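1. When you get a sec, could you give me coordinates for this:
(chains A, B, C and D)
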2 protein chains.
Amino acid sequence: MTVGIKEVARKANVSIATVSRVLNGSDSVKEKTKRRVMSVVGELNYVPHAIGRALITHRTNLLGVILPDVHSEFFSELIRGIDQAARERSYHIILSSTHSNKKEIESMLGVMQGGHVDGLIVMSPHLSADGVLKRLAPRSKLVFVNTYTDGNGFVSVSIDNFNGAFQMIRHLVVAHGHKRIAILKGEESNFDARERFNGYVGALKKYGLRRVLELEITGNFTEESGYDGMMKILKLKTKPSALFCANDSMALGALRAMHEKDIIVPGEIALAGFDDIPSARYVLPALTSVHVPIYEMGTLAVEHLLNGVKAMDGMKGIRKVLTTSIVIRESCGCSLKSDEEVSEKA
Amino acid sequence: MTVGIKEVARKANVSIATVSRVLNGSDSVKEKTKRRVMSVVGELNYVPHAIGRALITHRTNLLGVILPDVHSEFFSELIRGIDQAARERSYHIILSSTHSNKKEIESMLGVMQGGHVDGLIVMSPHLSADGVLKRLAPRSKLVFVNTYTDGNGFVSVSIDNFNGAFQMIRHLVVAHGHKRIAILKGEESNFDARERFNGYVGALKKYGLRRVLELEITGNFTEESGYDGMMKILKLKTKPSALFCANDSMALGALRAMHEKDIIVPGEIALAGFDDIPSARYVLPALTSVHVPIYEMGTLAVEHLLNGVKAMDGMKGIRKVLTTSIVIRESCGCSLKSDEEVSEKA
DNA sequence: ATATGCAATGTAAACGTTTACATCACATGT
DNA sequence: ACATGTGATGTAAACGTTTACATTGCATAT
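-> Purely as a prediction, here's the structure:
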């Protein structure tokens, strides 16, 4: 039905080999022939058949991306980064999201082994790399994003959850003098959540504060659970003077709860989040948060996938951790203080 | 390198044809043989090579999705819907976003003609369907999302921008008695923006209000442009009593501007948006907006693509318009009124 | 015993390319 | 005139499947 290389060849009075050579910008083909072929190609509106080509070249120029059911902002930024970097190298991405369980991930890995993609980017916050990938052919090109790679020989890109949380607590302590800081953390099974919690604990320790178990509430990264968690906190006899939420969605929920109960933020309780989602700057008071370079994480993953091929073979592994930065807005109480006090760097 | 059908065949003492039949759940193959083959398949961890298969079946089980650089919430919801529906039919999607110009879209169409995908979903708010697709092979399976399909014979799914806007204006007029309603519209080239503006104009006319040119400000759907637009409005000698923004991002910007200038919302100026993004419910006052069923639009697009194949051949075309609904929150002033007054339905 | 039919399996072509190798025409050096 | 080299092009195998068609073996009917 569609026009193939043969028709082009016939119409241009050459063999299909020559047509192929022209199309692949080969070295040795006479300029005149080249022009003749190209003219026929244009005339017939011929487009090489990617599948036929892929079969013999073993390259599809497709990258697989496997994501969990991740919140919207994170999702779109990551994809944007990946897609952009991929397209610059004339790759396209084949996407599969909302994967929460092993089964689904493995099904996607099937697509991969099936030769449909040249490489794979996997984000699996609940499953460790080793756990999922026992069966994957070792030669596969693969990079993990924000995934716990317990074994070695993996390539991974992630953000520095620990330090982001650490610095935020540090800020609450040294810039504002908080001593009773609650945390709304995520689920234990979530890699990001764990690390952020560790950062919180680490900072407490570092600055001589004791952990108080009743101030450690577990949510599940949804706005809803943030609201619920805050309600629990507000029932405490001695309330915290500050609350750190392991992501912004929960912080938004907590904020809603506090509005409802007429708690003044940051006057009575200071608030800080993590992720720096767009809404963070539009709520009142504007939310102080930890900014994470999601887009960059995406582009970096692609770059590693497409450049660092040998690195994988060597069983060495690469682990790139992108640095986070805290962005100060109103909810932590900085607007209440003099500029001088606020500007505590590093 | 990887294990192929031949090795399976050899190890199971059958021909590759039989292996193929077993794998495709064919009718006639003896139960015993079937088991033997499957056991070898498991043992060798064999996965059929998708490319080889696609070459002869002419099906890749891949759907192409071409999106413009669309705002994050819309983006992720749409993808979620598409991906979900696709996976239910064991398709995967190959995604290409941030396409703003014709060139990029056509490049993606190349991938399509190249046989890599079985169908295509295209969202192109700035380019009309006819305009873009002159060159596409007519047999291609293709559905448009939120795109102006001026010609016929296209399949499209979109949201009812006109009625969403219309109803919102209607609400502002009949429930709150506004007579001087400003609009912050989007760019003329944007299909959604045009329709929403038309809805605004239509409602004005219907309720006997006159258009006032100085109340029609053009933005570009960004928060920034909403802020700027609002600043312009605030410079007017006689300000509007209400403002309708063609999307929520601009409404958020406008809200920020009003906060800054100490304008009370909705007391002095009522506000309404369009899209019902998540932030809408977290800002203060919570934003009244038009809800759009993005997820459903995605699933519907896939269903049309995969079911309504013949419909396309018939040059008839299908045009599905999803209905929108207004969601009342605080920014329009409803919380100030009695429940009775508010509950004006239909 | 031979023919007939059916169920199970095998053989080989086809899908649309790329590419190693072969061929060809021609110019150059002798 | 002949060998040789070179640049341009053609031939055919290969990639990993599916599937139309051929073949085989066996049971049943005659």
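
2. What distance do you get for the residue lying closest to A:S325 once chain neighbours are set aside to A:P68?
-> Counting by CB to CB, 6 or more residues apart in numbering or on different chains, A:S325 lies nearest to A:H291, which is 5.1 Å off, once chain neighbours are set aside. C-beta: built from backbone N, CA, C; applies to glycine. Separation of A:H291 from A:P68 (CB to CB, to the nearest Å) stands at 21 Å.

3. which one of these two has more residues nearby?
-> Comparing A:H291 with A:P68 by neighbour count (other CB atoms under 10 Å in any protein chain shown), the higher total belongs to A:P68, at 21 against 16.

4. residues contacting that one?
-> Applying CB atoms under 8 Å, 6 or more residues apart in numbering or on different chains to A:P68 gives the contacts A:97-100, A:123-126.

5. and the residue nearest to A:A270 when sequence neighbours are not counted, what does it touch?
-> Leaving aside its chain neighbours, A:A270 sits nearest to A:A242 (4.0 Å; criterion: CB to CB, 6+ apart). By CB under 8 Å, 6+ apart, the contact list for A:A242 reads A:172, A:176, A:178, A:180-182, A:266, A:269-272, A:332.

6. which one of those residues is nearest DNA strand C?
-> The closest of these to DNA strand C turns out to be A:A272 (CB to the nearest atom of the strand; 54.7 Å).

7. Chain neighbours aside, what residue packs nearest to the residue in the stretch 201-346 of chain A positioned nearest to chain B?
-> With CB to the nearest CB, the shortest gap between the stretch 201-346 of chain A and chain B falls at A:S279, namely 4.0 Å. Spatially, and ignoring its direct neighbours in sequence, A:S279 is nearest to B:S279 (4.0 Å; CB to CB, 6+ apart).

8. Give the helix, strand or coil label for that neighbour.
-> helix (DSSP: H, G, I helix; E, B strand; the rest coil).

9. check contacts around it.
-> By CB under 8 Å, 6+ apart, the neighbours of B:S279 are A:278-279, A:282-283, B:248, B:252, B:287.

10. same question, A:S128
-> Contacts of A:S128 by CB under 8 Å, 6+ apart are A:147-150.

11. Which pLDDT value goes with it?
-> pLDDT for A:S128: 73.

12. now do A:D339
-> 42.

13. Could you measure from A:A86 over to DNA strand C?
-> Distance of A:A86 to DNA strand C, given as CB to the nearest atom of the strand, to the nearest Å: 20 Å.

14. Which neighbouring elements make contact with the helix or strand harbouring that residue?
-> Here A:A86, judged by DSSP states H and E, is contained in helix A:72-88. On a contact count with 3 or more CB pairs under 8 Å, 6 or more residues apart in numbering or on different chains; DSSP states H and E, helix A:72-88 meets strand A:62-66, strand A:92-96, helix A:294-307, helix B:72-88, strand B:92-96.

15. Minimum distance to DNA strand D: which of those has it?
-> strand A:62-66 (16.1 Å).

16. hmm, the closest one in reach of chain B?
-> Yes: using CB under 8 Å from any CB of the partner chain, strand A:62-66 reaches chain B at A:L62.

17. May I see the buried residues of stretch A:52-59?
-> Neighbour counts using 16 or more other CB atoms under 10 Å in any protein chain shown place A:52-55 of stretch A:52-59 among the buried residues.

18. Equivalent analysis for stretch A:103-118, please.
-> For stretch A:103-118, by 16+ other CB under 10 Å, it's A:105, A:108-109, A:111-118.

19. Just give me the closest of those to A:R80.
-> A:V117 (19.3 Å; CB to CB).

20. hmm, back to that, flag whichever of the contacts of A:P68 scores worst on pLDDT.
-> Minimum pLDDT for the contacts of A:P68 is recorded at A:S100 (69).

21. For the helix holding A:A86, list the C-alpha coordinates in PDB.
-> Below are the C-alpha coordinates for helix A:72-88, written out as PDB (Å, rounded to 0.1, in the frame of the first residue of the first chain):
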ATOM      1  CA  SER A  72       1.500  15.700  38.400                       C
ATOM      2  CA  GLU A  73       4.100  18.400  38.600                       C
ATOM      3  CA  PHE A  74       7.000  16.000  39.200                       C
ATOM      4  CA  PHE A  75       5.700  13.900  36.300                       C
ATOM      5  CA  SER A  76       5.400  16.500  33.700                       C
ATOM      6  CA  GLU A  77       8.800  18.100  34.600                       C
ATOM      7  CA  LEU A  78      10.600  14.800  34.400                       C
ATOM      8  CA  ILE A  79       9.000  13.900  31.100                       C
ATOM      9  CA  ARG A  80       9.800  17.300  29.700                       C
ATOM     10  CA  GLY A  81      13.400  16.900  30.600                       C
ATOM     11  CA  ILE A  82      13.700  13.400  29.200                       C
ATOM     12  CA  ASP A  83      11.800  14.200  26.000                       C
ATOM     13  CA  GLN A  84      13.800  17.300  25.400                       C
ATOM     14  CA  ALA A  85      17.200  15.600  25.800                       C
ATOM     15  CA  ALA A  86      16.000  12.600  23.800                       C
ATOM     16  CA  ARG A  87      14.800  14.600  20.900                       C
ATOM     17  CA  GLU A  88      18.000  16.500  20.700                       C
END
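
22. So which bits of that helix are buried?
-> Within helix A:72-88, the residues that count as buried by 16+ other CB under 10 Å are A:72-83, A:85-87.

23. so how far is that helix from its chain's centroid?
-> 9 Å (CA atoms, centre = their mean, to the nearest Å).

24. how big is the angle separating it from helix B:72-88?
-> Here helix A:72-88 runs at an angle of 80 degrees relative to helix B:72-88 (axes from the mean of the first three to the mean of the last three CA atoms, to 10 degrees).

25. Please work out how many residues are found near A:D27.
-> Around A:D27 there are 6 residues (other CB under 10 Å).

26. Hmm, I typed the wrong one, I wanted A:A182.
-> Using other CB under 10 Å, A:A182 has 27 other residues around it.

27. Quick check: phi and psi at it.
-> Main-chain dihedrals, A:A182, degrees, to the nearest 10: phi -90, psi 160.

28. what residues go with each domain of chain A?
-> A:5-48, A:61-159+A:294-323, A:161-292+A:327-342 (automatic domain parsing).

29. Could you save those domains as CSV and add columns showing distance to B:H259?
-> Listed next are the domains of chain A as CSV, based on distance: least, CB to CB, whole Å:
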stretch, distance to B:H259
domain A:5-48, 53
domain A:61-159+A:294-323, 23
domain A:161-292+A:327-342, 7
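
30. what's the least confident stretch among the ones you listed?
-> domain A:61-159+A:294-323 (a mean of 82).

31. what's the spacing between that domain and its chain's center?
-> Mean C-alpha position of domain A:61-159+A:294-323 versus that of the full chain (CA atoms, centre = their mean) differs by 10 Å.

32. Quick check: bridge partners of the residue nearest to A:A270?
-> Beta-bridge pairing of A:A242 under DSSP bridges involves A:I181, A:A270.

33. sorry, back to before: return the member of the contacts of B:S279 nearest to DNA strand C.
-> Taking the contacts of B:S279 together and measuring to DNA strand C by CB to the nearest atom of the strand, the closest member is A:P278, at 43.5 Å.

34. and the gap between the residue nearest to that closest one when sequence neighbours are not counted and DNA strand C?
-> Among residues not flanking A:P278 along the chain, A:E73 sits closest, at 6.3 Å (CB to CB, 6+ apart). For A:E73, the distance to DNA strand C equals 40 Å [CB to the nearest atom of the strand].
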